[in-house]
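> what follows is a predicted structure for the sequence shown.
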Amino acid sequence: MSLTPDKLMALVVEAAEDKKAMNVVTLDLQGISLIADYFVICHGNSETQVQSIATEVRKRAEEKGIRVRGMEGMDTARWVLVDLGDVVIHVFHRDDREYYNIERLWSDAKVVERV
C-alpha cells in the first residue's frame, strides 16, 4: 500500500506526537527541494526519547508498507534522521536542535499549519 506524501507526513507527525515529541514542525519543501516533499522536525528531552520517537516513526511507516530508505544517528541519539522518501523526519536531542537550527536553514519553506 502506498500513501500520498500528505498522508505519510500526517502519519509521521502522529507517531512522533504519540511518543511525546516536543515542538513538532513540518516544512513543506515542494517546489523548493528535490530531497523530499516534507521535513518533519522535532526533539526529545533525552537520548532514550529520541530513539523511541524514531523507532515509532519507522514502525508505523513499515506497518503501512512504506520502505525506510535510511535511518542514521540511532547510536548516539543526538540527531536521528529517518528517510521515508517523500518525508524525512529529523529527531533531535533538545540541546542539538537549537545548535543546528535546520528550520532556519530551510527558511524559504512554508510551515505546514496543523488543524
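Cool, the structure landed. Bear in mind that the values here come from a model prediction, so they are computed numbers and not experimental data. Numbers count the residues shown, from 1 in each chain.

> give the buried residues for the longest helix anywhere in the chain.
When secondary structure is assigned using DSSP state H, the longest helix within the chain turns out to be helix 47-63. Applying a neighbour-count criterion of 16 or more other Cβ atoms under 10 Å, one finds 49-58, 60-61 buried in helix 47-63. Where you see a C-beta, it was placed from the backbone N, CA and C, and this is true even at glycine.

> phi and psi next, for the residue positioned nearest the centre of the chain.
Averaging the C-alpha coordinates of the chain gives a centre point, and the residue nearest to it by Cα atoms, centre = their mean is residue 89 (1.8 Å). Listed backbone geometry of residue 89 is phi -110, psi 130, with angles given as degrees, to the nearest 10.

> and for residue 65?
Per degrees, to the nearest 10, the backbone of residue 65 is at phi 80, psi 20.

> I'd say it and residue 2 touch.
Yes - when contacts are counted by Cβ atoms under 8 Å, residue 65 is listed as touching residue 2 (7.1 Å).

> which of the three states applies to the residue nearest to residue 90 when sequence neighbours are not counted?
Leaving aside its sequence neighbours, residue 90 sits nearest to residue 41 (Cβ to Cβ, 6 or more residues apart in numbering; 4.8 Å). Classification of residue 41 into helix, strand or coil gives strand, according to DSSP: H, G, I helix; E, B strand; the rest coil.

> I'd like to know how many residues surround residue 41.
Here the number of neighbours of residue 41 (other Cβ atoms under 10 Å) works out to 22.

> so what's it scoring on pLDDT?
As summarised for this prediction, residue 41 has a pLDDT of 97.

> let me see the contact set for it.
The contact partners of residue 41, by Cβ atoms under 8 Å, 6 or more residues apart in numbering, come to 24-27, 89-90, 92, 97, 102-103.

> could you dump these to CSV with pLDDT and distance to residue 14?
Putting the contacts of residue 41 into CSV (pLDDT from 0 to 100; distance: Cβ to Cβ, whole Å) gives the following:
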residue, pLDDT, distance to residue 14
24, 96, 10
25, 95, 15
26, 95, 12
27, 95, 17
89, 97, 12
90, 97, 17
92, 97, 19
97, 93, 20
102, 89, 21
103, 85, 20
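
> just the buried residues of the residues you listed.
When burial is judged by neighbour count using 16+ other Cβ under 10 Å, the buried members of those are 24-27, 89-90, 92, 97, 103.
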